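K.L.:
How does the following fold in three dimensions:
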Amino acid sequence: MTESSSVVRWWSPGRADWQVAALFMIGSACFALGSLPPYASRVGPAADGVTYFVGSLFFTLAALLQVLISAGVIRSDVRPRAGVQWRARVRTPDRADWWAGVVQFAGTLMFNISTFEAMQQGLSSAEEARRVWTPDARGSIAFLIASSLAFADVRHPWLRWRPRDLGWSVAMLNMAGSIAFGVSAIAASVVPSTGDALSMEWDNIGTFVGAVCFFFGALLLIPDQATGT
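P.N.:
Numbering: from 1, shown residues only. Next up, the predicted model:
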C-alpha cells in the first residue's frame, strides 16, 4: 500500500511550466543586476544596457510560453516542442489568467523596445523620452494590469493575509513587483527643463525591488511541479 506525497523537485527542465519560472528568474536577475550602480559603473553604460536588453528577452520568452500554456497549445507538464498542439482551440479567453498572460506578454515587448533603444548612443532628451521612456512606461502599465488580473483571480485576495497560500503569495509578489516597476518608470521620466531623469536613485531602486519580487515569485512556482507516491 502506498501513500501519495508531495515531491519537491527543483530541477525539472523538461516541464514547460518549470521553463516559464526559470526564464522569468533569469530575466529578473538581469534586471536586478543592471539596476545596481556598482555593476553599472564597473561594466559601463553599454554593457549595462545589454544586460537589461537580454533580461527583457528572457521575460518575453517566459511570457510567450506562459500564454501558450494557458491557451492549451502547450501542456504544462511536458517539453514545449513535444507538447505543441497547434490545432487545439484557444479555449481560455474568458479566464483572467489568460488575459493576464497576454497583457504581460505585450508588456514584455514594450520592455524589449525600451531596453533596445536605451542602448543607442547620442539620443536627445526628446528622443529618449519618446523611444525609451514611453515604451518603458507602457510596459510597466501592462505589467500592473496583468498582475491585477492575476491577483483578482485569487479567491478573496483582498480580504486576508495568506502568506502560506502559494497562489496568493505568487500573486502578491508579482503585484509588488509591478508596482515597483511603475515607481521606476515614474522616476525615469525626463524633466523638460533639465533633460535629466526625475530621480535615477528611485529608478534603480524601483527596478531592483521589482526584479527581486518577480524573481522570488517565479522561484515559488518551481517546487510546486510534481507529486509522487
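K.L.:
could you point out which element follows the helix-or-strand element of the chain with minimal mean pLDDT?
P.N.:
The weakest-scoring helix or strand in the chain, judged by mean pLDDT, DSSP states H and E, is helix 80-83 (a mean of 42). Following helix 80-83 in sequence order, the next helix or strand is helix 96-118 (DSSP states H and E).
K.L.:
which residues are in contact with that following helix?
P.N.:
For helix 96-118, the surrounding residues in contact (Cβ atoms under 8 Å, 6 or more residues apart in numbering) are 49, 52-53, 55-57, 59-60, 62-64, 66-67, 70-71, 92-93, 123, 131-133, 135-136, 138-143, 145-147, 149-150, 152-153. In this view, the C-beta of every residue, glycine as well, is placed from N, C-alpha and C.
K.L.:
Report the mean per-residue pLDDT for stretch 102-112.
P.N.:
Per-residue pLDDT over stretch 102-112 has a mean of 96.
K.L.:
from the chain's centre, how far out does that stretch sit?
P.N.:
Its chain's C-alpha centre and that of stretch 102-112 lie 9 Å apart, by Cα atoms, centre = their mean, to the nearest Å.
K.L.:
number of nearby residues for G44?
P.N.:
By the criterion of other Cβ atoms under 10 Å, G44 has 10 neighbours.
K.L.:
Ok, L109 next?
P.N.:
Around L109 there are 18 residues (other Cβ under 10 Å).
K.L.:
how near is I179 to L144?
P.N.:
Distance of I179 to L144, given as Cβ to Cβ, to the nearest Å: 7 Å.
K.L.:
S178: what's it in contact with?
P.N.:
S178 sits next to S140, F143, L144, A146, S147, S148, G210 when contact means Cβ under 8 Å, 6+ apart.
K.L.:
Please apply the same query to M175.
P.N.:
Listed by Cβ under 8 Å, 6+ apart, the contact set of M175 reads S147, S148, A150, F151.
K.L.:
list the buried ones in the one helix or strand it maps to?
P.N.:
If you go by DSSP H and E, M175 is part of helix 166-187. Of the residues in helix 166-187, 167-185, 187 count as buried by neighbour count, 16 or more other Cβ atoms under 10 Å.
K.L.:
Now do the longest helix belonging to the chain: which elements does it pack against?
P.N.:
Looking across the chain with DSSP state H, the single longest helix is helix 45-70. In terms of contacts (3 or more Cβ pairs under 8 Å, 6 or more residues apart in numbering; DSSP states H and E), helix 45-70 is packed against helix 16-34, helix 37-43, helix 96-118.
K.L.:
mean confidence for the second one?
P.N.:
The average pLDDT for helix 37-43 rounds to 95.
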